[in-house]
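>>> Sharing a sequence plus its predicted fold:
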Amino acid sequence: EAGVAQSPRYKIIEKRQSVAFWCNPISGHATLYWYQQILGQGPKLLIQFQNNGVVDDSQLPKDRFSAERLKGVDSTLKIQPAKLEDSAVYLCASSLVLSELSEQYFGPGTRLTVT
Amino acid sequence: KNQVEQSPQSLIILEGKNCTLQCNYTVSPFSNLRWYKQDTGRGPVSLTIMTFSENTKSNGRYTATLDADTKQSSLHITASQLSDSASYICVVSLHNQAGTALIFGKGTTLSVSS
């Protein structure tokens, strides 16, 4: 089966610019996650969707970050305006159901560099 | 505070040797513990998932152990291969009325050399 797809794989922008990332989860997976992974650290959850509804966005910096999953399939994560500290890999993951034992499948990530 | 601490931060071993990675956690209420392998430039891939009642779980040359009393876990890699070079991340899941959250460790970077 096809895995989680993300694009672009790499992005370089200047601070104060805007950027958007796209994620296509595994077909049939109801739950979608966006993580931020800063170099040398483990991933940090930004937002979690169940179908097209937000389950958890407590760690999303809402003044500059936004995410949507309008049709309950693909999702986009946007940063506007970007700051230097946003440089990180942004990982998208999906799972079949919203369960404490659900396996999460990760995409390859988008590496963002803010200069 | 919910935290996951891993040691060592990095490790270099010769191909064919065994190694053990450590994970200590202070997460409550505990649901399960996972080990992920993350190759450079790739997303994490699940190796094992263990619940409170499980002491050990194997996946090929990878064996994870869990001591829920001391809140410690280890990942043992047997007969290491060059392809084992990666970051190994310990993840603890907590589950409460608000739902499920994954707490990630910073990972151990393993380098296997020939």
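It's in. Residues are numbered from 1 along each chain as shown, chains lettered A, B, ... in the order given.
>>> what helices or strands is the helix-or-strand element of chain B with minimal mean pLDDT leaning on?
Per-element confidence for chain B was summarised using mean pLDDT, DSSP states H and E. The lowest value among helices and strands belongs to strand B:99-104, with a mean of 81. Packing contacts for strand B:99-104, counted by 3 or more Cβ pairs under 8 Å, 6 or more residues apart in numbering or on different chains; DSSP states H and E, involve strand A:44-50, strand A:53-56, strand B:3-7, strand B:86-96. Backbone N, C-alpha and C define where each C-beta goes, glycine included.
>>> Distance check, A:Asn24 against A:Ser66.
When Cβ to Cβ, to the nearest Å is the yardstick, A:Asn24 and A:Ser66 sit 18 Å from each other.
>>> Give the other helices and strands that the lowest-mean-pLDDT helix or strand in chain A contacts.
One helix or strand of chain A scores below all others by mean pLDDT, DSSP H and E: strand A:53-56, with a mean of 90. Secondary structure elements in contact with strand A:53-56, counted by 3+ Cβ pairs under 8 Å, 6+ apart, are strand A:44-50, strand B:99-104.
>>> Enumerate the positions of the shortest one that are buried.
If I follow you right, that is strand B:99-104. Buried positions in strand B:99-104, judged by neighbour count with 16 or more other Cβ atoms under 10 Å in any protein chain shown: B:Thr100, B:Ala101, B:Leu102, B:Ile103, B:Phe104.
>>> quick one: that strand to chain centroid distance?
In this view, strand B:99-104 has its centroid 15 Å away from the chain centroid, taken as Cα atoms, centre = their mean, to the nearest Å.
>>> Low-confidence bits of chain B, can you list those?
Low-confidence segments of chain B, defined by pLDDT under 70, span residues B:96-99.
>>> and it, which of its residues are near chain A?
Applying Cβ under 8 Å from any Cβ of the partner chain, one finds that chain B approaches chain A through B:4, B:31-32, B:41-46, B:49, B:51, B:89, B:91, B:93, B:95, B:98-102, B:104-107.
>>> Tell me if stretch A:95-115 is near chain B.
Yes. Shown here: stretch A:95-115 in contact with chain B (Cβ under 8 Å from any Cβ) through A:Leu98, A:Ser99, A:Glu100, A:Leu101, A:Glu103, A:Gln104, A:Tyr105, A:Phe106, A:Gly107, A:Pro108, A:Gly109, A:Arg111.
>>> Mind giving me the ChimeraX command for buried ones among those residues?
With 16+ other Cβ under 10 Å as the criterion, this ChimeraX line picks the buried residues out of the residues of stretch A:95-115 next to chain B:
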select /A:104,105,106,107,108,109,111
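>>> can you tell me which of the residues of stretch A:95-115 next to chain B are in helices?
In helices, judged by DSSP state H, none of these are found.
>>> so which of the residues of stretch A:95-115 next to chain B would you say is closest to A:Gln50?
When the residues of stretch A:95-115 next to chain B are ranked by distance to A:Gln50 (Cβ to Cβ), A:Leu98 comes first, at 5.1 Å.
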